[in-house]
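Asker: Build the 3D model from these lines:
(one chain, ligands or ions: 2)
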Amino acid sequence: MNYSLSSSTRCHSPRVTVVGAGKVGSTLAQRIVEKNLADVVLLDIVNGMPQGLALDLMEARGIELHNRKITGSNNYADTSGSDIVVITAGFPRKPGMSRDDLLLMNAKIVVEAAKRAIAHSPNAIYIVVTNPLDVMTYLAKEATGLGRDLIMGMAGVLDSARFQTFIAMELEACPSDINAMVLGSHGNLMVPLPRYSTVNGIPITELLDAATIERLVERTRNGGAEIVELMQNGSAFYAPASSICVMVESILLNQSRLLPIATYLQGEYDLKDVVTGVPCRLGSSGIESVLELSLTDEEIAALHASAAAVRQSINQAQQIFALCG
Ligand SMILES: NC(=O)C1=CN([C@@H]2O[C@H](COP(=O)(O)OP(=O)(O)OC[C@H]3O[C@@H](n4cnc5c(N)ncnc54)[C@H](O)[C@@H]3O)[C@@H](O)[C@H]2O)C=CC1
Ligand SMILES: O=C([O-])CC(=O)C(=O)O
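Answerer: Numbering: from 1, shown residues only. Ligands and ions are numbered 1, 2, ... in the order given. Next up, the predicted model:
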């Protein structure tokens, strides 16, 4: 008896490539397959490492009850025809470093990864994760020539999840009852928005005093560094992987979720030719629209300051690339 399915009877499974099989990349691969969203190709420059991780994840399938395929590779040819490519390749920061300190180390890695990936997956949607996030997203967009609907960065979902967590801890509330919104760059100048952060629809400005809110805002801004200092060897990866997975899911299931996403701005919020986090609708065609929230003068000034810092780092990266040819 022939028990195996022929390729014509096997249904098409979406394919997600994760470039960089480190802590964020491998945890993301696990999330994607265990949520039964797609097959995953894990790619890394280290020989054997993505292959080993893929085999380990494959061996968990019978226990975790899914039948998604995980492939480990060092070769971009194996990523061909991906529906989504997530770029997590590059160095994480060490205690005492800012994300911007990673600019020189990671720019070349991300640009090369984006160029090599798009050669094999020209129709994929690209999500950049490597830090400094907003600059890396800008450089990857430039390197691929993709429209802003098809290439974006993940940061706002994570920063908002942290704000949500700190609000939940303060109010002893259930995190899923809380909707938090953080805009701006993925750095110290990010812009948490208490007015747009609610507990079952009630703005937190009605539930917490100003000093408490400021404390939670500051902890959110410092959320990544707090974990870097505690771990002493690498940065956060569980919540980052969950946050990327939310975006992957919204694309694959065409959920059109409204999420804070690092996107290339074309005049929205009076910002142009820069990447920063704003609320976007995300579905199977990528970014469907950018939502322009009504902001106070103070909020808009904070968003502009955040984008100006990103612009400065983009200029720095472009000068370095020009010098290196
Ligand atoms: N946007 C965000 O919210 C977040 C961003 N990050 C960033 O994500 C990046 C990855 O973080 P981790 O996974 O913790 O680091 P990690 O060090 O565990 O993994 C990075 C992986 O990239 C691989 N790599 C390096 N150069 C490569 C290349 N040219 N091609 C393919 N793979 C390559 C390394 O071999 C390593 O396996 C860091 O830059 C980190 O700062 C991390 C958490 C959240
Ligand atoms: O803090 C870091 O370097 C990693 C990251 O972006 C985060 O966890 O928010």
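
Asker: what sits against the closest residue to residue 121 other than its chain neighbours?
Answerer: Leaving aside its chain neighbours, residue 121 sits nearest to residue 82 (4.1 Å; criterion: C-beta to C-beta, 6 or more residues apart in numbering). For glycine as for every other residue, the C-beta is placed from the backbone atoms N, C-alpha and C. By C-beta atoms under 8 Å, 6 or more residues apart in numbering, residue 82 lies in contact with 15-17, 41, 117, 120-121, 124.

Asker: what about the helix or strand encompassing residue 218, average pLDDT?
Answerer: Assigned by DSSP states H and E, residue 218 belongs to helix 210-221. Per-region confidence: helix 210-221 scores 98 on mean pLDDT.

Asker: Contact partners for the spatially most central residue of the chain?
Answerer: Residue closest to the mean C-alpha point of the chain, counted by C-alpha atoms, centre = their mean, is residue 154 at 2.2 Å. Residue 154 makes contact with 127-129, 133, 240, 243-244, 247, 261-262, according to C-beta under 8 Å, 6+ apart.

Asker: Now it, what are its backbone angles?
Answerer: Backbone torsions of residue 154, given as degrees, to the nearest 10, read phi -100, psi 120.

Asker: Next: residue 41.
Answerer: With angles defined as degrees, to the nearest 10, residue 41 sits at phi -110, psi 120.

Asker: measure residue 153 to ligand 2 for me?
Answerer: Going from residue 153 to ligand 2 by C-beta to the nearest ligand atom, to the nearest Å gives 11 Å.

Asker: Could you report the neighbour count for that residue?
Answerer: With neighbours defined by other C-beta atoms under 10 Å, the count for residue 153 comes to 31.

Asker: same question, residue 103
Answerer: The number of residues packed near residue 103 is 19, by other C-beta under 10 Å.

Asker: Equivalent analysis for the one 4 residues further on, please.
Answerer: The burial count assigned to residue 107 is 24, neighbours taken as other C-beta under 10 Å.

Asker: Quick check: nearest residue in space to it, chain neighbours excluded?
Answerer: Leaving out its chain neighbours, residue 107 is closest to residue 317 (C-beta to C-beta, 6+ apart), at 5.2 Å.

Asker: wait, doesn't the one you found sit right on residue 103?
Answerer: Yes - using C-beta atoms under 8 Å, residue 317 is in contact with residue 103, at 6.1 Å.

Asker: quick one on the thing from earlier: which of the contacts of residue 154 are close to ligand 1?
Answerer: Contacts with ligand 1 within the contacts of residue 154, counted by C-beta under 6 Å from any ligand atom: 129, 133, 240.

Asker: ok, how many other residues are close to the residue in the stretch 51-200 of the chain positioned nearest to ligand 2?
Answerer: As assessed by C-beta to the nearest ligand atom, ligand 2 sits closest to residue 93 within the stretch 51-200 of the chain, at 4.3 Å. Using other C-beta under 10 Å, residue 93 has 19 neighbouring residues.

Asker: cool, and residue 115?
Answerer: 14.

Asker: what's the helix or strand for it?
Answerer: Using DSSP H and E, residue 115 sits within helix 103-120.

Asker: got the contact list for whatever helix or strand comes next after that helix?
Answerer: Sequence order places strand 125-128 as the next helix or strand after helix 103-120, per DSSP H and E. Strand 125-128 has contacts (C-beta under 8 Å, 6+ apart) with 83-87, 110, 114, 117-118, 136-137, 140, 144, 146, 150-154, 244, 247-248, 251, 262, 286.

Asker: what residues does the protein put near ligand 2?
Answerer: Within reach of ligand 2 by C-beta under 6 Å from any ligand atom, the chain has these residues: 92-93, 99, 131, 158, 186, 224-225, 227-228, 235-236, 240.

Asker: Switch these over to TSV; also include secondary structure.
Answerer: As requested, the residues of the chain next to ligand 2 are exported to TSV (DSSP: H, G, I helix; E, B strand; the rest coil):
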residue	secondary structure
92	coil
93	coil
99	helix
131	coil
158	helix
186	coil
224	helix
225	helix
227	helix
228	helix
235	coil
236	coil
240	helix
